[in-house]
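Novice: The following block contains a protein sequence and its predicted model.
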Amino acid sequence: MKFRGVMIGSDNPEALGAFYTNVLGEPGFRESSWFGWDDGAQLIIGSHSEVSSENVLPQRIILTLEVNDVPGSFEKVRTLGAPVVAEPYKPDPSSENWLATLKDPDGNFIQLSTPWRG
């Protein structure tokens, strides 16, 4: 088996798709209310009849976006109106790794992470 990607069902895929377009750039796939990005793993956003309102358990699945500059990327995403869950921080002060967590318009957690160095 090979992990291929994540699909997020939404009752407002247009708003969610617009948000991720501002974060990730233009989707490689766009059809009606469906959006798709593929950068080695896929992120697909579309409507789902069984989904409504904000995610009530956003910590269950966290989308991680790898960035070189967590504080700079954090400011970019925050200015798009994303609520802050955790400001940029180093989980281990002696390492080069940075993390930050925000929410997308559906309340899903987005974690910004530098490329992980062990």
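Specialist: Sure, I can see it.
Novice: use CA for all of it now, contacts and neighbours both
Specialist: Noted.
Novice: and the longest helix along the chain, which residues are buried?
Specialist: In the chain, assigned by DSSP state H, the helix with the most residues is helix 13-24. Of the residues in helix 13-24, 13-14, 16-20 count as buried by neighbour count, 16 or more other Cα atoms under 10 Å.
Novice: what bits of this structure have low per-residue confidence?
Specialist: Of all residues in the chain, those with pLDDT under 70 make up the ranges 118.
Novice: all strands of it, in order?
Specialist: Secondary structure of the chain, counting by DSSP state E: strands at 5-10, 29-31, 34-38, 42-47, 62-66, 84-89, 99-103, 109-113.
Novice: Compare these and report which one is nearest to Ser73.
Specialist: Ser73 sits nearest to strand 109-113 of all the strands of the chain, at 7.6 Å, using Cα to Cα.
Novice: Using CSV, write down the CA coordinates of that closest one.
Specialist: Output in CSV follows, covering the C-alpha atoms of strand 109-113 (Å, rounded to 0.1, in the frame of the first residue of the first chain):
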residue,chain,number,x,y,z
PHE,A,109,-6.1,22.1,12.1
ILE,A,110,-3.2,23.0,9.8
GLN,A,111,0.3,22.5,11.1
LEU,A,112,3.1,24.4,9.6
SER,A,113,6.4,22.6,9.9
